[in-house]
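[1] Predicted model and sequence follow; I will ask about them next.
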Amino acid sequence: MSGFVRYSPETETFDPELPDHLKRIIAFWENKVRESPQQEGTGRAVRGAHAKTIGIVRAEVEISGNAPQPYAQGIYTQAGRHDALIRFSSASNHLGPDALLGPVLGFAIKLFDVPGTKLVDEEPDSTTFDLVLKNNPAFIANTAAHYLFIQDIGDRVGDYLAHGKEGFRELLTDFLTGNGTLEQKDWAWEELFAFVKAATQTPVRNPLLSTYWTMAAVRHGDYVAKVRVAAAAENAGHARHRELDLTSGPDVFGPVLAEELREHAFAFDLQVQLCTDLAAMPVNDVTVEWPEKLSPFVTVGRVRLPRQDIAGNAEQGDALAFNQWRVTAAHRPLGEIMDVRRVYTASANVRRALNHQPQREPTSVDEVLSGPSSRP
């Protein structure tokens with residue numbers, strides 16, 4: 001298996017000014033969360049990113065334990081089962097109707113009873129393990145410097161679009177030029193292409209029939225990988241809804257998810273793609289989708305969503321916080337953008353403090369969701 005790239009610290013590169021960028025990014029997110037009770041109109045602090053919850057779902061993650069050796073790394077080495085919670089969300093920074101927020105969705109899964117020290121500084125002894133995924137194989141910022149102005153522009157998308165075609169052109173111009181701050185040689189072409197692709201080519205689909213990716217790379221024991229969950233083939237036979245019309249009501253994704261889970265169980269294949277070529281499958285350029293022809297995704301487990309009634313779960317799970325760094329060292333996030341995303345802990349702490357919620361990880365699904373576990 002010599003064709004797989006082995007992990008080493010040299011696979012990552014970082015801007016020397018990253019610490020200064022991180023301070024500004026943390027301030028941006030903390031300020032956004034503090035302003036959210038008024039700006040979002042709920043009187044409560046909401047998440048800075050992925051603000052709208054579509055549904056919080058009980059799940060079980062089964063690690064098969066029989067994957068080929070290069071894929072059987074870290075927590076995927078031995079067969080086992082873990083209780084889990086999944087938060088389906090809109091990827092937008094705002095609340096509002098689904099038609100306005102768009103088709104890009106998040107799938108954040110929290111596994112329970114996973115041993116080992118975690119890389120979140122505040123809670124190294126937590127027994128949870130997070131996978132934070134999106135229904136898009138690439139991210140829209142390659143560097144911390146670009147990330148900050150892209151998040152600022154993304155936060156104001158509604159203001160741009162309120163001015164029609166002229167506003168859309170202004171949005172694209174500001175995105176490309178960093179609000180006019182970048183020299184032409186540093187214009188954000190790769191990020192702009194990734195943004196437009198995500199906005200225009202993400203299908204409006206039943207959340208239970210979609211695929212969700214880490215987007216950026218992670219360590220996979222001895223190797224370098226990306227991870228995804230792909231809707232199991234049998235889901236299509238259960239689902240009543242396939243392609244969705246977001247103009248049919250203010251909330252479309254959430255009601256569809258709730259209806260489907262009341263009637264059937266669903267599943268996702270948990271899969272790993274190993275890097276074989278750092279030029280074609282880069283760690284530091286996260287706007288690049290890794291070609292499956294160079295390295296296919298291989299299934300290492302299954303995520304099972306039992307039949308259940310998720311009514312009320314969103315409120316009970318509002319204090320949950322998901323972080324790419326709540327993993328063991330064998331699954332460490334890689335690259336500058338993943339380092340940036342470490343700061344989400346700071347905004348989660350502000351949100352939970354403003355909402356008078358616990359500032360700690362739960363230890364079980366039942367600690368989060370009261371009542372019977374599944375079948376109505």
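    All right, it came through fine. Keep in mind that what you see is a predicted model, and the values were worked out from it rather than measured.
[2] From now on I want contacts and neighbour counts done on CA atoms only, so please keep to that.
    Fine.
[3] how about the helix or strand of the chain with the lowest mean pLDDT as PDB, C-alpha atoms only?
    Least confident helix or strand, the chain: helix 157-161 with a mean of 85, by mean pLDDT, DSSP states H and E. Extracted C-alpha coordinates of helix 157-161, given in PDB (Å, rounded to 0.1, in the frame of the first residue of the first chain):
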ATOM      1  CA  VAL A 157     -25.200  38.000   1.500                       C
ATOM      2  CA  GLY A 158     -28.800  39.000   2.100                       C
ATOM      3  CA  ASP A 159     -27.900  42.700   2.000                       C
ATOM      4  CA  TYR A 160     -26.100  42.200  -1.300                       C
ATOM      5  CA  LEU A 161     -29.000  40.200  -2.900                       C
END
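[4] So what touches the lengthiest helix in the chain?
    Longest helix in the chain, counting residues (DSSP state H): helix 18-39. Applying C-alpha atoms under 8 Å, 6 or more residues apart in numbering, the contact partners of helix 18-39 are 43-48, 144-145, 148, 340, 343-344, 346-347, 350-351, 354.
[5] Where does the prediction get shaky in the stretch 51-200 of the chain?
    Residue ranges of the stretch 51-200 of the chain with pLDDT under 70: none are present.
[6] returning to that earlier point: name the residues of the longest helix of the chain that are buried.
    Buried residues in helix 18-39, counting neighbours by 16 or more other C-alpha atoms under 10 Å, are found at 18, 21-22, 25-26, 28-30, 32-37.
[7] circling back to that earlier point, show me what the least confident helix or strand of the chain is packed up against.
    helix 164-177 (3 or more C-alpha pairs under 8 Å, 6 or more residues apart in numbering; DSSP states H and E).
[8] From the contact counts, what lies against the helix it packs on?
    Looks like helix 164-177 contacts helix 144-155, helix 157-161, helix 189-201 (3+ C-alpha pairs under 8 Å, 6+ apart).
[9] what about the closest residue to Thr211 other than its chain neighbours, how many neighbours?
    Setting aside the residues directly before and after it, Thr211 is nearest to Ala230 in space (C-alpha to C-alpha, 6 or more residues apart in numbering), at 4.3 Å. For Ala230, the neighbour count with other C-alpha atoms under 10 Å is 22.
[10] Mind checking what secondary structure Ala230 has?
    Following DSSP: H, G, I helix; E, B strand; the rest coil, Ala230 is assigned to strand.
[11] rewinding a little: give me whichever of the helices and strands packed on helix 164-177 is most buried.
    helix 144-155 (a mean of 20; mean count of other C-alpha atoms under 10 Å).
[12] and Ile75, which of the three is it?
    At Ile75 the chain is in helix, as set by three-state DSSP.
[13] Look up how far Ile26 lies from it.
    30 Å (C-alpha to C-alpha, to the nearest Å).
[14] cool, and Asp83?
    Asp83 sits 32 Å away from Ile26, taking C-alpha to C-alpha as the criterion.
[15] Please apply the same query to Glu190.
    Taking C-alpha to C-alpha, one finds Glu190 at 24 Å from Ile26.
[16] same thing with Val132?
    19 Å.
[17] quick one: secondary structure of Arg219?
    Going by three-state DSSP: Arg219 is strand.
[18] Contact partners for Ala232?
    Leu209, Phe266, Ala267, Phe268, Asp269.
[19] about what we covered before: out of the contacts of helix 18-39, which end up buried?
    Judged by 16+ other C-alpha under 10 Å, buried ones among the contacts of helix 18-39: 44-48, 144-145, 148, 340, 343-344, 347, 350-351.
[20] hmm, which two among these are most spread apart?
    Maximum pairwise distance among these (C-alpha to C-alpha): 30.0 Å, between Arg44 and Ala145.
[21] Among the contacts of Ala232, name the ones in strands.
    The members of the contacts of Ala232 that map onto strands under DSSP state E are Phe266, Ala267, Phe268, Asp269.
[22] Quick check: of these, which lies closest to Pro115?
    Once C-alpha to C-alpha is applied, the member of the ones in strands among the contacts of Ala232 that ends up nearest Pro115 is Asp269, at 22.4 Å.
[23] Mind listing the residues bridging to that closest one?
    Beta-bridge partners recorded for Asp269 (DSSP bridges): Ala230, Arg302.
[24] how much space between it and Ala232?
    Taking C-alpha to C-alpha, one finds Asp269 at 6 Å from Ala232.
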